[in-house]
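# The following block contains a protein sequence and its predicted model.
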Amino acid sequence: MTTSIIKAVCPHDCPDTCAMLVTVENGVATGVRGDPDHPTTAGALCTKVARYTERTYHAERLLTPLKRIGKKGEGKFIPISWTQAIEEITSKLKGIAETNPLAILPYSYAGTMGLVQGESMAQRFFNKLGASSLDQTICATAGLAGYKYTVGAAVGTDTEQVQNAKLIIIWGGNPIASGLHLWMRIQEAKRQGAKLIAIDPYRSLTAEKCHQHIALNPGTDSALALGLMHLLIKENNLDHDYIARYTLGFDALKQRVAEWTPTRVADICGITEAEVIGLAKDYADCAQSGEASFIRINYGMQRVAGGGMAVRNIACLPALVGAWRYPAGGIQLSISGSFPKDLEALQRPDLYPSDAPRRIINMSTIGDDLLRPSSAEFGPKIDALIVYNSNPVAIAPESDKVAHGFARDDLYTVVLEHFQTDTADYADIVLPATTQLEHVDIHNAYGHLYMMANNQAIAPLGEAKPNTEIFRLLARGMGFDDACFQESDDEIAAKAFKASDARAIHFDWSSLKKAGWSKLKVPDAPFAQGNFFTPSGKCEFYSQSMLDAGLDPLPTYIPPRESRATNPQLAKRFPLAMISPPARNFLNSTFVNVKSLRDTEGQPHLDIHPDDANERGIVAGDVVRIFNQRGSFQAIARVTDKAKRGLVVALSVWWKKYGLDKKNANEVTGQALTDMGRGPTFYDLLVQVEKV
């Protein structure tokens, strides 16, 4: 027996980007474990990725190209050869491109976060084709926009420093489920005496383990941040030296927040004045004692009408008290901006025809966009859709419209996949893709500062091919003969980071493959001496860039579009707010078909407060229908005070085919976009619930 240990990387959409060790026996991967030598992974994998071999060798893996023989959505296919598949696809694309290549749209996101298998060869292909571009907004664009207006880039506190903080505020996140290795650091800080505060409408697994849980109304986070700023300034709990040296617009901010009293904030947020005052005191006391305070913002809180502004407001807090002075202080949304990626080398935007028109389509409005006819404003209707690294029929908002769009007889759809997902059921051609164990890749991260190498551990199963090879074949079929379409995955990976950049001056792909990971050279405390990435080089309480973009240049409050306070007429019909945060055993819509994980998660559930349940005659275990003006889905009721009164919680994202009524929570989410970043508003909605 031949046994080897291969250095690999978890490819999924998680800040941890874990270093994995894959055990291979006679060409078969028999197990994966966390690399104990990688400082962030520290030998631990989440329950999902620890079962990665179950996913790779799953009995339902797609291992040959498939051609649809039934109606769209039925999921009936027959196997075909790669030659036949490529010939059919390229013939169809050539015909559409001759009329207008903008009628062709790629749809992809974070099914793999790898810089090679994610977007490199695929983007080269679509640039050369002159196709429409996808605005990849569905996760974090609102919050990142607000954050960047304030500090200039997706840069923040290094996870490896967090255990040294004395106050940790987890704002809109649940790292036990979606950031295990940050949680490990937070637990170490707790053991050393740190206070943990969770701010979340829902008492999540993480909130239960914190010293305090502040259960505010969905979409009101920006009001709470304004209230904290009001109290910090009123009580003079400020780092005046840091403000004078490294911030812009303090006097204007002081005027703006003067009206945000604890009484007003408590009323909007649905919490007590004492909670507002106590939170401000904890934050101020930590700074005044010379200790580090750390805020972890997560992505759920920015999926509302004012989500970008909410993140911006929170991002102002560390500069007011000088928390950035400490390596363990400050804030973390994403630190992916620390990596000097060379996207031009990876994606080759220069391949796009110089004289051709362009069109960008927002992935969060794909339901409407697939149903639009050709028009002068919109351009040509979408005639062909190439889906990879995503499952839009399950994950995109207003799902009924998405499914109707995919069901169009005149839409030609190709899906690259591991399994027959909800989206694959609507494809004309399905192409089998490799998993992370079967190909080469290189990764950055958004929760740590290591460049990561994924070595191929096993040969591709069946006829599965890496995304890069699939797009090489498509490029050849289209007659694209540019040299970049011949580059190997290793050659692409070698261009991923700018080795001339001081942060990655030591980058060398062949060395990284052997080592597995290498840390960027960046300061321990990124903004201790200012050096923000904004136009002024300072933390911008006042942002001229926001004013130029038609936005309020100062922190403000943008209320939810759908809430009892802002839309009372709608609330008469649909009186309950709803959020759909990640289920612990899934990752977005990945892993839902792994039976051991699905069995652990159980069936789709809806958490509802006892008072709300009693009003509706609902008891635990009842099948309930959740509905609004957009649609409905069913779930099993869990009567619990984890959901505050007036709020229901549907942990997600289930594949629709595993739903009680073949639907999921995105039946009721809407396509309205955020205040900035054009992101989705998944958590800005009202519903009614009734017993089935």
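Nice, thanks for sending it over. Numbering: from 1, shown residues only.
# low pLDDT regions in the protein?
Nowhere does the chain drop to pLDDT under 70.
# For it, which residue occupies the most central location?
By Cα atoms, centre = their mean, the chain has its centre lying nearest to Cys139, at 3.6 Å.
# Can you verify that one is assigned to a helix?
No: under DSSP: H, G, I helix; E, B strand; the rest coil, Cys139 sits outside any helix and is assigned coil.
# quick one, strands of the stretch 151-300 of the chain?
With DSSP state E, counting those that start in this stretch as the criterion, the stretch 151-300 of the chain has strands at 167-171, 195-199, 212-214, 247-248, 293-297.
# Need the winner for burial among these.
Greatest average neighbour count among the strands of the stretch 151-300 of the chain goes to strand 293-297 (a mean of 28), per mean count of other Cβ atoms under 10 Å. Bear in mind the C-beta positions are built from the backbone N, C-alpha and C, glycine included.
# Stretch 477-487: how far from the chain's middle?
The chain centre lies 32 Å from the centre of stretch 477-487; the measure is Cα atoms, centre = their mean, to the nearest Å.
# Equivalent analysis for stretch 478-496, please.
Worked out by Cα atoms, centre = their mean, stretch 478-496 lies 28 Å from the chain centre.
# same thing with stretch 72-86?
31 Å.
# ends of it, how far apart?
End-to-end distance for stretch 72-86: 20 Å, by Cα to Cα, to the nearest Å.
# circling back: would you turn the strands of the stretch 151-300 of the chain into TSV with distance to His230?
Output for those, formatted as TSV (distance: least, Cβ to Cβ, whole Å):
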stretch	distance to His230
strand 167-171	17
strand 195-199	17
strand 212-214	16
strand 247-248	17
strand 293-297	17
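# before we move on, the earlier item: quick check: the residue nearest to the centre of the chain touching Ser178?
No: with contact defined as Cβ atoms under 8 Å, Cys139 does not reach Ser178; the gap is 11.7 Å.
# what's the single longest helix in this structure?
helix 82-99 (DSSP state H).
# Show me how far that one is from its chain's centre.
32 Å.
# Tell me the helices and strands packed up against that helix.
Here helix 82-99 touches strand 66-68, strand 104-108, strand 384-388, strand 412-417, strand 429-432, helix 467-478, going by 3 or more Cβ pairs under 8 Å, 6 or more residues apart in numbering; DSSP states H and E.
# can you give me the end-to-end distance of stretch 542-559?
Start-to-end span of stretch 542-559 (Cα to Cα) is 20 Å.
# any chance you could map the strands in the stretch 351-500 of the chain?
Taking DSSP E, counting those that start in this stretch as the criterion, the stretch 351-500 of the chain carries its strands at 360-362, 384-388, 412-417, 429-432, 441-443, 450-454.
# out of those, which comes closest to Ala198?
Between Ala198 and the strands of the stretch 351-500 of the chain, the shortest gap by Cβ to Cβ is with strand 450-454, which sits at 27.4 Å.
# Which strands or helices does that closest one pack on?
If contacts are counted by 3+ Cβ pairs under 8 Å, 6+ apart, strand 450-454 sits against strand 3-9, strand 441-443, helix 509-515, strand 517-519.
# List the strands paired with the second one, with their directions.
Paired strands of strand 441-443, with direction, are strand 450-454 (antiparallel) (DSSP bridges).
# hmm, who's touching the partner strand?
7-9, 11, 17, 19, 38, 40, 114, 339, 436, 439-445, 493, 496-497, 504, 507, 509, 512-513, 515-520 (Cβ atoms under 8 Å, 6 or more residues apart in numbering).
# do that again at 6 Å, thanks
Contact with strand 450-454 is made by 8-9, 17, 441-443, 512-513, 516-519, as judged by Cβ atoms under 6 Å, 6 or more residues apart in numbering.
# among those residues, which ones are buried?
Using 16 or more other Cβ atoms under 10 Å as the burial test, the contacts of strand 450-454 include 8-9, 17, 441-443, 512-513, 516-519 as buried.
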